[in-house]
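Q: No sequence on hand, only this structure:
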Ligand SMILES: NC(=O)c1ccc[n+]([C@@H]2O[C@H](COP(=O)([O-])OP(=O)(O)OC[C@H]3O[C@@H](n4cnc5c(N)ncnc54)[C@H](O)[C@@H]3O)[C@@H](O)[C@H]2O)c1
């Protein structure tokens, strides 16, 4: 038996036995290391963007990168070249130019994330992989004693989010959801103003999710040969086994229901999260949800998530959240008894100028720290005990849950039309609808563990 196999068996066996590895002590007074040592798992479109920021703002020491793709073009844009080897080279080249490299000795690359979790010098992991991996990797990382920054949406389904919260509570690790709008000073300003009653009593919040920005193949598409530098088995992991096509994987996974909730969860993890933050409902959720319209591509197309939608949900006190597919210029618009305030890619505005007095700029100026980096810095500082987390697991779970139950209503729309679903936010289940409750947990294949 190889050492590698032994280490993996150890992690799997410890996890099964409920045993946890303690996080390396770096907190406050008992510091054993000056700098957080981190690993990036998933070095694609978002992973490379975050990695560059970590180095640019010198937030932590990157000692490992991991991806099932050795390195290739064909991410969001055809000329984007990402994967584990470009990531490793980028880290090592950047650090080589630094005069003061502290105790940092180099960055290693890995194909299998379990080998990263087995390293006892890794304090924290950034999980920047497709959504179908979020809960498995978060849980395994927490059990291996690693702090976790996991990209949004927190989970692939409601039950996985609850699983993450449970393991975070059991292990005591620091867990940040990647909903970086929570660290944007302008979003903080607007949501805090709304919570403090600046526009009176809020009756309604309008949110948006973006349109699909890629076109996939229609019915009759043909499988392709798996590239030699790509571990497709470990890309699929717990998801159903389906033949390879490049439009299934890099970046485009977000348009397949097996790996994502589509633009509903992709954008909703920001816009609906901001909405719930302004409403002071960062935990819990609505009691009713109804889909008014939903469109899908023809049966047999490779992309299976909704292409357009409108849904509404109502909270126990009658407040309504509405979400439509649109350009995300305004991600959250709060309407109260004494005015309105809104924020999104186009900046912010309000019904009266005085409501915006003292508001910070929407975007960081060139060279200034941006919202993504502030969010990661907040995570690093939370790991060292210096700051409260901006987006803990409960927060990420609440907004992901809203999007997941919306998807249940959306996916039923072609068959049932605009039929309201009753939701119990405490029990986290639909009331009196067993068929809808079947969507709360997705089956996970386990053969990747031994394959
Ligand atoms: N916060 C934001 O604004 C924001 C923006 C974009 C994406 N995201 C999130 O980031 C995540 C990744 O999205 P993306 O656009 O970077 O996708 P991507 O496909 O470009 O990158 C994901 C990478 O993960 C790798 N990967 C897949 N399975 C793996 C495994 N088992 N082990 C190691 N690597 C694996 C893929 O090969 C790929 O390189 C998603 O959850 C997405 O929602 C967040």
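A: Nice, thanks for sending it over. Predicted model, so just to flag it, every value in this text is computed and none were measured.

Q: contacts, neighbours, all on C-alpha from now
A: OK.

Q: which helix in the protein runs the most residues?
A: With residue count as the measure and DSSP state H as the assignment, the chain has helix 393-416 as its longest helix.

Q: and after that one, which helix or strand comes next?
A: The C-terminal neighbour of helix 393-416 among helices and strands, as given by DSSP states H and E, is strand 421-424.

Q: Check the offset of that following strand from the chain's centre.
A: A distance of 24 Å separates the C-alpha centroid of strand 421-424 from that of its chain, computed with CA atoms, centre = their mean, to the nearest Å.

Q: mind listing what that strand pairs with, with the direction of each?
A: According to DSSP bridges, strand 421-424 has the following sheet partners: strand 288-295 (antiparallel), strand 429-430 (antiparallel).

Q: now these as TSV including mean pLDDT and mean neighbour count?
A: Below are the strands paired with strand 421-424 laid out as TSV (pLDDT from 0 to 100; neighbours: other CA atoms under 10 Å):
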stretch	mean pLDDT	mean neighbour count
strand 288-295	98	21
strand 429-430	98	21
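
Q: Figure out which of those strands is closest to residue 279.
A: Set against residue 279 and scored by CA to CA, those come closest in strand 288-295, at 16.3 Å.

Q: ok, then the element right after that closest one?
A: Heading C-terminal from strand 288-295, the first helix or strand you meet, by DSSP H and E, is strand 308-314.

Q: So which elements touch the helix or strand following that next one?
A: As assigned by DSSP H and E, the chain's next helix or strand after strand 308-314 is strand 320-325. Contact partners of strand 320-325 among helices and strands, from 3 or more CA pairs under 8 Å, 6 or more residues apart in numbering; DSSP states H and E: strand 202-209, strand 308-314.

Q: now, of those, which is deepest in the fold?
A: Ranked by average neighbour count under the criterion mean count of other CA atoms under 10 Å, the helices and strands packed on strand 320-325 are headed by strand 202-209 at a mean of 24.

Q: before we move on, back to that, got the helices and strands packed on strand 320-325 as CSV, with mean pLDDT and distance to residue 436 columns?
A: Compiled in CSV, the helices and strands packed on strand 320-325 are given as follows (pLDDT from 0 to 100; distance: least, CA to CA, whole Å):
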stretch, mean pLDDT, distance to residue 436
strand 202-209, 98, 22
strand 308-314, 98, 16
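
Q: so which of the ones you listed gets nearest residue 439?
A: strand 308-314 (17.5 Å).

Q: Just confirm residue 160 contacts residue 443, I think it does.
A: No: applying CA atoms under 8 Å as the test, residue 160 and residue 443 come out as separate, 10.7 Å apart.

Q: Look at the two and report which has more neighbours.
A: residue 160 (22 against 9; other CA atoms under 10 Å).

Q: Do a quick rundown of the strands in the stretch 51-200 of the chain.
A: For the stretch 51-200 of the chain, the strands identified by DSSP state E, counting those that start in this stretch occupy 61-66, 108-110, 124-127, 147-150, 175-177, in order along the chain.

Q: So for the ligand, which of the ones you listed sits nearest?
A: Go through those one by one with CA to the nearest ligand atom and the one that ends up closest to the ligand is strand 61-66, at 5.4 Å.

Q: do the closest one and the ligand meet?
A: Yes: against the ligand, strand 61-66 shows contacts by CA under 6 Å from any ligand atom at residue 66.

Q: Go ahead and name everything in contact with that strand.
A: Outside strand 61-66, the residues that touch it by CA atoms under 8 Å, 6 or more residues apart in numbering are 35-43, 55, 84, 87-88, 91, 104-113, 116, 122.
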